[in-house]
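**Q** fold the following for me, if possible:
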Amino acid sequence: MIVVLEGIAPGQTKFLDPNGAETPFLKLLADKGASFTNCRTVATHTTKALFAIHTGEYPSVSQDYVEAAVREKNYRSIATIMKSSGYRTAFFQSADGTFEARPGLVSNLGFEKFFARQDIADVNSYLGYLAADEFELIKPVCDWIEESDKPFMLTILGSASHDPYEIPDKYKDADYSDYDEPDVKYRRLIEYTDAFLASLYEKLDEVANMDKTIFCVIGDHGEAFGQHDRYGHARIPYDEALKVFWFIKSPKIIKRPVKIDTTVSSIDVTPTLLNLLGFDIAEADFDGVNALAQDMPVREIFFSTWMKNGPAGFMLGRKKFIYDTTNEIMTVFDLSKDPAEIDGQFFMRNSEDLNQTAAKVITWQRLMLIMPPANSKEEYQRTFDNWLCQTNGREPRAVYDKIK
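**A** Model (predicted):
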């Protein structure tokens, strides 16, 4: 089971900030299972992160969501692998399904069931233009699990912590006047999300044996509130947007708590989970690795922002290399000494150090670019019964078309 946190930055919690949000359930996960303290997303964008989390591969390095254009053949993913091993598969999200053609992506990843905000009966639970109350997912998830005794592979994606950071009424304090500032609302939503996770886990334990279930929680990206004078996440290469939580709880397999401080990435999720499940991944040729391996190598882990010609780079151990393609400047941070990324070393255009390092980033960007079929005509395919999803284009559409 994979739970993907929407835009939750570790730096906004008490894990890294004494004044941050309280997250007792996430702390429990850290205390009872595997905790990856230096995990980065592959891209500061949900669709790209979802692709990487489920495939163990880098997504297309491009400002689009080409991965959601419905394909004839599924991407190889943890869902397709588990399905071929007899598992049922489902993807539940509280967000609007039309956003970035999510059912198209989920179909491409090989899931058999898709649930989105359109499937939530109580429209009063909707939050802002995109999200919904996460607690509305718990009953449908449990109902789906109880439909069969077969083993299952399940992903749940949150949305409430997405802008405009609208807090569900039942979770607002009596004095709501303190919630005028976006960062204050955001931290409250982190606490709300933690409460949702605790309730979800409790209910899941009633319908599934959680002692025998691998429960994985990972973030898609973080969120910035003025650090480095930037807000949001799309064009931000700093850790307020790039660093994410990653926990795995599996009492039957991970019997003692373990903290992994080695730098890892969301591309490592699928190979790590498959290894825990007993699969031999030696010849699988993932971009990611088993992050629980004792001999995990120090490697270049690439990342990108979600903006055309936006910053991109790679991690190498505790060093971060950020290449600004527009201004042709490379900034290098040693995060072991400068975790706030304040005192970087700059390399200007035409310097030998910049040219060699920038070439790595540019080559990676070119190699990872997915090219869809050249077809200018909009074509749609019905997926998951109630969705019409575009089969071409770099920014495909999805239309909710419920069968009567």
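**Q** which residues does residue 154 contact?
**A** 1, 2, 89, 90, 91, 92, 141, 144, 145 (C-beta atoms under 8 Å, 6 or more residues apart in numbering). All C-beta spots, glycine's among them, are computed from the backbone N, C-alpha and C.
**Q** hmm, I typed the wrong one, I wanted residue 131.
**A** Here residue 131 is in contact with 6, 94, 95, 96, 117, 159, 160, 162, 166 (C-beta under 8 Å, 6+ apart).
**Q** for the residues you listed, which one is nearest residue 318?
**A** residue 6 (27.0 Å; C-beta to C-beta).
**Q** what strands flank the helix or strand residue 156 falls within, and is each parallel or antiparallel?
**A** Assessed by DSSP states H and E, residue 156 sits inside strand 152-157. Each strand paired with strand 152-157, and its direction, by DSSP bridges: strand 2-5 (parallel), strand 88-93 (parallel).
**Q** average model confidence for the first one?
**A** Averaged across strand 2-5, the pLDDT comes to 99.
**Q** please apply the same query to stretch 268-288.
**A** 96.
**Q** what about it, how long is it end to end?
**A** 4 Å (C-alpha to C-alpha, to the nearest Å).
**Q** with stretch 43-63 instead?
**A** 10 Å.
**Q** in that stretch, which residues are buried?
**A** 43-63 (16 or more other C-beta atoms under 10 Å).
**Q** for the stretch 1-150 of the chain, which segments are assigned as helices?
**A** With DSSP state H, counting those that start in this stretch as the criterion, the stretch 1-150 of the chain has helices at 24-32, 46-55, 78-84, 102-108, 138-146.
**Q** for residue 136, what are its contacts?
**A** Counted by C-beta under 8 Å, 6+ apart, residue 136 has contacts 94, 120, 122, 125.
**Q** just to revisit the earlier point, mind putting the strands paired with strand 152-157 into JSON lines with distance to residue 221 and mean neighbour count?
**A** Formatted as JSON lines, the strands paired with strand 152-157 follow (distance: least, C-beta to C-beta, whole Å; neighbours: other C-beta atoms under 10 Å):
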{"stretch": "strand 2-5", "distance to residue 221": "9", "mean neighbour count": "24"}
{"stretch": "strand 88-93", "distance to residue 221": "16", "mean neighbour count": "23"}
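**Q** out of those, nearest to residue 342?
**A** Closest among these, using C-beta to C-beta: strand 2-5, at 26.2 Å.
**Q** just the residues contacting the closest one, thanks.
**A** Against strand 2-5 from outside (C-beta under 8 Å, 6+ apart): 49-50, 53-54, 78, 154-158, 161, 193, 197, 200, 215-220, 244-245, 269, 273.
**Q** since that was my last question, I'll sign off now.
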